[in-house]
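S.K.: Take this sequence and fold it.
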Amino acid sequence: MKQETRFYNILFPVWLLLIYPVGWIFVIIGNFLIDTIVFQVGGKFLKVKRLDLVYKKTIWKAFLLGLAADLAGSGLLLLAVLGPDGWWMNTIGGPVSQNPFQSFPAFLLVLLVVALCGILIYWFNRKLTFRKVDLPARSKHILSLYMAIFTAPYLFFLPTEWLY
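M.R.: Below is the predicted model of the structure:
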C-alpha cells in the first residue's frame, strides 16, 4: 500500500498568514523587535559610541538581510519537504514539516539550516550592514556575531504538529 503524502503540514504557516494577514504584522514586528533588542544590548555591552546613530543607520538593513537569510533557510527546508516519497519522506521530509525531533536526520538537517542562516546573518551584517559604519573592526565582528547567534531562526525547530 502506498503511503499518502500530505502537504497541509508544510502549507499551514503560509495559509495561516494568508487567512490571517494580520499575522504578517506580528511576524515583522517580532523580528524587528528582536533585532533591535539584540543590537541595543550588544551595542551597550560593547560600549559603542553614539549607539543611537549607528542604530538608525543600520537597523533596517540588518532587519531586511536577516529576513532574507531566514527566507533562504525556509526555501531549503521546503525543498527537503518536497523531496521524493519513500525513505526520504518518512525520515526527513515528513519530520521536517511536522516535528524535526521525530528523527535524527530531520533534526540534523534543521540544525544545519539554522546554522547556515546564522552564518548568512553574520556575513550579511559584517560585510554589508556595518560596512560604512564608523566602528572598530572588533565591534563590527562581535555585533555581527551577536546578531547571528541570537536572531537565527530557531523557530524552524518548532513542531508544526502542535499548531493543529
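S.K.: neighbours around A68, how many?
M.R.: Residues near A68, counting by other CB atoms under 10 Å, number 14. To be clear about C-beta, it is placed using only N, CA and C from the backbone, and glycine gets the same treatment.
S.K.: Where is the longest helix in the protein?
M.R.: Using DSSP state H, we find that the single longest helix of the chain is helix 51-81.
S.K.: to the chain's geometric centre, what's the distance from it?
M.R.: Here helix 51-81 shows a centroid-to-chain-centroid distance of 7 Å under the convention CA atoms, centre = their mean, to the nearest Å.
S.K.: buried sites along that helix?
M.R.: 54, 58-59, 61-63, 65-67, 69-70, 73-74, 76-77, 80-81 (16 or more other CB atoms under 10 Å).
S.K.: ok, S74 to W123 distance?
M.R.: According to CB to CB, to the nearest Å, S74 stands 18 Å off from W123.
S.K.: Also G30?
M.R.: 23 Å.
S.K.: So for these two, which residue has more residues nearby?
M.R.: W123 (14 against 11).
S.K.: per-residue confidence averaged over stretch 70-89?
M.R.: Here stretch 70-89 scores 89 as its mean pLDDT.
S.K.: same question, stretch 45-54
M.R.: Computed over stretch 45-54, the average pLDDT equals 94.
S.K.: From the chain's centroid, how far away is that stretch?
M.R.: 25 Å.
S.K.: Pull the residues that contact that stretch.
M.R.: With contact meaning CB atoms under 8 Å, 6 or more residues apart in numbering, stretch 45-54 is reached by Q40, G43, K44, V133, L135, S139, I142, L143.
S.K.: Now the terminal residues of it, how far apart.
M.R.: 14 Å (CA to CA, to the nearest Å).
S.K.: Ok, stretch 130-141 next?
M.R.: 9 Å.
S.K.: Over to stretch 91-100?
M.R.: With CA to CA, one end of stretch 91-100 sits 10 Å from the other.
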